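1. Fold the following and give me the result.
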Amino acid sequence: MSDSKKPQHVIDEVDVALIGAGIMSATLGAMLRTLEPNWSQIVFERLDAPAEESSSPWNNAGTGHSALCELNYTPEVNGKIDIAKAVGVNEKFQMSRQFWSYQVNQGVLPNPREWINPVPHVSFGRGEQQVAYIQKRFEALENHPLFPNMQYTDDREEFTKLLPLMGEGRSPHEPVAASWTDAGTDINYGAQTKQFLAAAEREGTEIRYGHEVKNLQRDGARWKITVKNVHTGDTQVVRAKFVFVGAGGMALPLLQKSGIPEIRGWGGFPVSGMWLRCTNEEIIERHAAKVYGQASVDAPPMSVPHLDTRVIDGKKGLLFGPYAGWTPKFLKTGTYFDLFKSIRPSNLLSYVGVGVQEMGLTKYLITEVVKDQAARMETLREYMPNAKDEDWELVVAGQRVQAIQPVAGPSFSTLAFGTSLINSADGTIAGLLGASPGASIAPAAMVELLERCFGDHMVVWGDKIKEMVPSYGIKLATNKKLFEEMWEYTQKTLELEK
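-> Below is the predicted model:
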């Protein structure tokens with residue numbers, strides 16, 4: 001029997017429907033419950049548990065993307081370090097810390113140590129050119145209020161003391177440098193999502209696992225959502241006043257099904273990821289940092305190599321990667337038809353434009369796909385010279401969909417790095433496209449969504465938003481006193497004080 005002939009039934013209408021049980025939906029749900037506790041909410045998740053795709057701790061790097069160490073946020077332009085993007089990302093991450101602290105105090109996130117832990121963030125350079133860049137970057141950031149206690153060394157002995165796995169076995173003739181801060185964090189967004197959703201259920205939110213959204217249609221002032229039970233095949237129709245598509249890579253196809261004009265021309269290119277995961281406990285214990293290097297030429301930002309300390313379910317781990325792969329799937333548990341189904345007459349030129357402009361990216365992906373384990377280990381040894389094959393295993397990470405944004409002009413389109421919010425003109429539906437910094441700036445992205453979609457409520461909500469995010473509307477980069485107050489407050493509340 002086809003889906004269209006399966007029995008359908010309409011349940012009670014809801015105020016808010018959230019598609020996807022990941023960190024984005026969990027964040028928006030928590031925010032709206034604070035602002036409008038009487039609004040009904042429902043969550044649909046195609047899998048049988050929350051946070052199993054990009055929010056899973058093994059499917060992302062868990063970096064609190066505050067731009068403390070990520071070099072793609074601080075490009076060198078005409079011999080000078082441009083810190084504008086780094087400052088912008090850091091500002092958004094401070095909003096995250098404040099929002100999470102509020103939720104901790106409200107009992108929504110009752111155990112912060114389950115999902116956030118202090119881990120130093122380190123920027124790494126090797127060779128004269130990279131060392132010069134790391135030093136310039138350090139000098140550009142060391143006195144900025146949002147980048148506290150930055151340090152730098154190009155002394156080999158100090159470098160090896162800081163990062164023994166990276167210093168030992170390295171040629172004494174190779175210049176190396178590191179800049180770092182102890183203010184960094186490792187975040188398990190899967191554990192955080194589960195705490196959010198547990199609180200949501202306690203407060204009356206209905207969460208339907210094993211339910212896949214198949215279609216979105218306008219129904220007057222509301223949205224008609226067709227949902228399929230993946231186990232029984234039964235379908236149901238839910239009517240919602242507002243819909244948020246927080247479905248990771250599947251956000252693009254679902255927004256396309258909605259028919260809103262704002263999604264016309266947008267496309268998506270899937271990039272899968274793999275990690276080398278350390279299996280030797282002695283090695284894991286000898287490294288305590290998130291170390292980011294520079295991406296290869298033409299590589300996308302999501303591929304920046306890093307040697308990452310993780311803290312997952314109370315246990316320390318060590319990852320290196322990511323290594324890029326390719327599949328037409330938009331989700332790790334998606335289908336091989338996802339990419340092809342997303343190509344429409346309205347976005348065909350966008351795909352063509354990126355295909356012509358981004359030959360370097362295509363070459364990079366082909367090079368990555370054909371790498372064998374020996375080649376992956378050689379890349380690891382650029383960071384950890386004494387790495388042994390038997391201490392590392394290959395694991396498949398999450399699936400990312402690189403957003404392709406339509407633009408006017410002969411190029412037709414461009415790669416939209418970062419996180420892009422798409423919403424209808426009437427504010428009744430919205431969704432997120434893109435990847436990094438993603439989960440790290442989810443609260444800032446959701447505040448932007450509120451501004452765009454619920455503008456007529458913002459005056460009433462203003463005081464409550466300031467309660468959740470005290471720096472809302474204020475640039476901490478130009479208000480050092482407030483930043484220091486917020487830093488002290490969040491350090492204590494999130495149990496990050498040493």
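2. tally of neighbours for the spatially closest residue to E262 that is not a sequence neighbour?
-> Distances taken as Cβ to Cβ, 6 or more residues apart in numbering place I422 nearest to E262, at 5.5 Å, with adjacent residues excluded. Bear in mind the C-beta positions are built from the backbone N, C-alpha and C, glycine included. By other Cβ atoms under 10 Å, 21 other residues sit near I422.
3. my read: I422 touches R264, true?
-> No. Here I422 does not reach R264: they are 10.4 Å apart, not a contact under Cβ atoms under 8 Å.
4. hey, what's in contact with both of the two?
-> Shared contacts of I422 and R264 (Cβ atoms under 8 Å, 6 or more residues apart in numbering): none.
5. confidence score at H457?
-> Looking at H457, its pLDDT is 97.
6. Secondary structure class of it, three-state.
-> Using DSSP: H, G, I helix; E, B strand; the rest coil, the secondary structure recorded for H457 is helix.
7. Can you give me the distance of it to E36?
-> Distance check for H457 against E36: by Cβ to Cβ, to the nearest Å, it reads 8 Å.
8. what does P75 give?
-> From P75 to E36 the distance is 41 Å (Cβ to Cβ).
9. and if you look at L331?
-> 30 Å.
10. on that earlier part again, please name the bridge partners of the residue nearest to E262.
-> As for beta bridges, I422 partners with G431 under DSSP bridges.
11. coming back round to it: of L331 and E36, who's got more company?
-> Legend: neighbour count by other Cβ under 10 Å for L331 and E36, higher for L331 (21 against 17).
12. excluding its backbone neighbours, what's nearest Q103?
-> L109 (4.4 Å).
13. if I look at that neighbour, how far off is P443?
-> 12 Å.
14. right, and Q98 touches T490 too?
-> Yes. If you go by Cβ under 8 Å, Q98 and T490 touch, sitting 6.1 Å apart.
15. how about the helices in the stretch 51-200 of the chain?
-> Along the stretch 51-200 of the chain, the stretches classed as helices by DSSP state H, counting those that start in this stretch are 84-105, 128-141, 156-162, 164-167, 189-202.
16. now stretch 200-214: mean pLDDT?
-> In the prediction, stretch 200-214 has an average pLDDT of 97.
17. Likewise for stretch 123-133?
-> Mean pLDDT, computed over stretch 123-133, is 96.
18. Repeat that for stretch 259-269.
-> Stretch 259-269 shows an average pLDDT of 94 in the prediction.
19. now swap in stretch 160-167 and tell me
-> Mean predicted confidence for stretch 160-167 is 98.
20. now do the same end-to-end measure for it.
-> Taking Cα to Cα, to the nearest Å, stretch 160-167 runs 4 Å from one end to the other.
21. tell me the SS of T490?
-> helix.
22. Check the gap between it and A289 for me.
-> 21 Å.
23. before we move on, what about K363?
-> 31 Å.
24. So between these two, which is more surrounded?
-> The neighbour comparison of K363 against A289 (other Cβ under 10 Å) goes to A289, with 24 against 12.
25. pretty sure R208 contacts F44?
-> Yes. Checked against Cβ under 8 Å, the pair R208 and F44 is within contact range at 5.4 Å.
26. These two: who's more crowded?
-> A count of neighbours by other Cβ under 10 Å puts F44 above the other of R208 and F44, at 24 against 17.
27. Let's verify the nearest residue to G325 once chain neighbours are set aside: helix, strand, or coil?
-> Counting by Cβ to Cβ, 6+ apart, G325 lies nearest to S272, which is 4.0 Å off, once chain neighbours are set aside. Using three-state DSSP, the structure places S272 in strand.
28. From N59, how far off is S272?
-> On the measure of Cβ to Cβ, S272 and N59 end up 10 Å apart.
29. what touches both of these two?
-> 332, 397-398.
30. Can you go through these and name the buried ones?
-> Buried subset of those (neighbour count, 16 or more other Cβ atoms under 10 Å): 332, 397-398.
31. Could you report the pLDDT at Y364?
-> Looking at Y364, its pLDDT stands at 68.
32. I should have written N280 there, sorry.
-> pLDDT, read off for N280, is 98.
33. for S2, same thing?
-> So, for S2, pLDDT stands at 43.
34. Low-confidence regions, the stretch 301-450 of the chain specifically.
-> For the stretch 301-450 of the chain, applying pLDDT under 70 flags the ranges 301-303, 359-362, 364-366, 435-437.
35. how about the strands in the stretch 201-350 of the chain?
-> Here the stretch 201-350 of the chain has its strands, by DSSP state E, counting those that start in this stretch, at 206-209, 211-219, 222-229, 235-245, 267-278, 290-292, 306-312, 315-325.
36. Restricting to C-alpha, output the third one in CSV.
-> What follows is the C-alpha trace of strand 222-229 in CSV, where atoms were taken according to Å, rounded to 0.1, in the frame of the first residue of the first chain:
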residue,chain,number,x,y,z
ARG,A,222,-1.3,27.1,9.6
TRP,A,223,0.9,24.3,8.3
LYS,A,224,-0.3,20.8,7.6
ILE,A,225,2.4,18.3,8.4
THR,A,226,2.2,14.8,7.1
VAL,A,227,4.1,12.3,9.3
LYS,A,228,4.8,8.6,8.8
ASN,A,229,5.4,6.1,11.5
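37. Just give the strands next to that strand in its sheet, each with its orientation.
-> strand 211-219 (antiparallel), strand 235-245 (antiparallel).
38. chain center to that strand, what's the gap?
-> Its chain's C-alpha centre and that of strand 222-229 lie 27 Å apart, by Cα atoms, centre = their mean, to the nearest Å.
39. Give the buried residues for it.
-> So strand 222-229, judged by 16+ other Cβ under 10 Å, has buried residues 222-228.
40. again, but for the fourth one
-> For strand 235-245, the buried set under the neighbour-count rule, 16+ other Cβ under 10 Å, comprises 235-236, 238-240, 242-245.
41. Quickly list what A17 is bridged to.
-> So, taking DSSP bridges as the rule, A17 has I42, V243 as bridge partners.
42. contacting residues for it?
-> Contacts of A17 by Cβ under 8 Å, 6+ apart are 41-44, 223, 225, 238, 240, 242-244.
43. just F147 next, same as before
-> F147 is in contact with 68, 86, 90, 141, 181, counting by Cβ under 8 Å, 6+ apart.
44. May I have the phi/psi pair for it?
-> phi -120, psi 70 (degrees, to the nearest 10).
45. can you pull the pLDDT of it?
-> F147 carries a pLDDT value of 96.
46. Quickly note the distance from it to M458.
-> 31 Å.
47. Give me the distance between the residue nearest to E262 and A445.
-> 12 Å.
48. shared neighbours of the two, anything?
-> L432.
49. before we move on, back to that, I'd like the strands paired with strand 222-229 written out as a markdown table, with distance to R202 added.
-> Shown next, in a markdown table, are these (distance: least, Cβ to Cβ, whole Å):
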| stretch | distance to R202 |
| --- | --- |
| strand 211-219 | 20 |
| strand 235-245 | 20 |
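50. tell me which residues in stretch 467-480 are buried?
-> So for stretch 467-480, counting by 16+ other Cβ under 10 Å, buried means 468-472, 476-477.
51. how about those residues in a markdown table, adding secondary structure, pLDDT and distance to A177?
-> Below are the buried residues of stretch 467-480 laid out as a markdown table (DSSP: H, G, I helix; E, B strand; the rest coil; pLDDT from 0 to 100; distance: Cβ to Cβ, whole Å):
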| residue | secondary structure | pLDDT | distance to A177 |
| --- | --- | --- | --- |
| M468 | helix | 98 | 39 |
| V469 | coil | 98 | 36 |
| P470 | coil | 98 | 37 |
| S471 | coil | 97 | 33 |
| Y472 | coil | 97 | 37 |
| L476 | helix | 97 | 28 |
| A477 | helix | 96 | 26 |
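52. This completes my enquiry, with thanks.
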